[in-house]
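Asks: This is a predicted model, with the sequence first.
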Amino acid sequence: MSTLGGLFFALLAAAGCGGAGNNPVPMPDLSAPDLSSGTTNPPVGALPFFDGFEGSSLSTSYAVLHENATGGLAVTGGRLQTTVTAQSVWWMNQNNALFIHRSIDAANFAVTTTVQARNAAALSQPIGDGYHYAGPMIRLPTSDTPGGAQNFAFIGVGYQSGCNGATTQCIEAKSTQNSAATILRSPHGGGADAQLRICKVGSQIMALERDASGVGPWVQRAAWSRPDLSGALQVGVMAFSFELATQQLRAQFEDLDIRAVNSVSDCSL
């Protein structure tokens, strides 16, 4: 393992452990920029927004960061899917992993997605070795500045050997402020499929998960105070593989739902 990789796992050890309810109404995509021109942020979008990935390609109302860490993106069978093929991660000041996002400027909102983190060579099986996560993320656009500080929050489902002392499928919730990370992890009894949500109410950020079926209560996995995550934010889904091992991660997203909330209690609806 590289010196950087060893430092990464040492820092992780020091950090310790730590489906949507209502049927969403599909909203038409807003006009989109020409991403080939180098645009990194689509125009700020209105809420609610829902994408069930029913088409045959990803809407150009999204921006895509670091697609080169994957084998490409596909929209098929009602899913957005990708296989992570290169070592990549959202961690501290490293930001070389996949992120597919829209621009949202709202004080209070929830972003929800149903995720399947699978073994790319056997799609009926959850990812079962290495170090991989996929899920929703919100991020300051200034994090794109070369050499700039990373500021984001996410919750992901996947696999790692150090999941709060267990070797199993895992939920990871991470808040990174000025490139310093706070991480909470918990073993996930639902394999590597889950419905995941990041909810923002003013400066309060909550990370929640529940069964991938969308049935049952939401479980809050982390909460942070992040007054810096304000104004127009990048909001979408990410996937990374810090340790590839023998299996590659196939991240599959069944939907992306971004809608306004009025209070913290709305985050669990």
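Replies: Nice, I can see it.
Asks: just checking, His101 touches Leu256?
Replies: No: using CB atoms under 8 Å, His101 is not in contact with Leu256, being 9.6 Å away. From N, CA and C alone the C-beta is placed, and that goes for glycine too.
Asks: Overlap in contacts, these two.
Replies: 236-237 (CB atoms under 8 Å, 6 or more residues apart in numbering).
Asks: for the chain, what helix or strand is lowest in average pLDDT?
Replies: Lowest by mean pLDDT, DSSP states H and E among the helices and strands of the chain is helix 3-15, with a mean of 40.
Asks: Show the low-confidence segments of this structure, by residue range.
Replies: Along the chain, the parts satisfying pLDDT under 70 run over 1-42, 93.
Asks: cutoff 90 now
Replies: 1-46, 60, 91-95, 142-148, 161-168, 189-191, 244-245 (pLDDT under 90).
Asks: Just give the closest residue to Met137, not the sequence neighbours.
Replies: Phe154 (3.7 Å; CB to CB, 6 or more residues apart in numbering).
Asks: Next, count neighbours for the one you found.
Replies: Per other CB atoms under 10 Å, the neighbour tally for Phe154 reads 25.
Asks: Neighbouring strands of whichever strand or helix holds Gly72 in the sheet, and parallel or not?
Replies: Using DSSP states H and E, Gly72 sits within strand 70-76. Strand 70-76 has its sheet partners listed here by DSSP bridges as strand 79-84 (antiparallel).
Asks: Report all helices and strands that the helix or strand following the strand it pairs with contacts.
Replies: As assigned by DSSP H and E, the chain's next helix or strand after strand 79-84 is strand 90-91. Counting contacts by 3 or more CB pairs under 8 Å, 6 or more residues apart in numbering; DSSP states H and E, strand 90-91 is packed against strand 166-177, strand 232-243.
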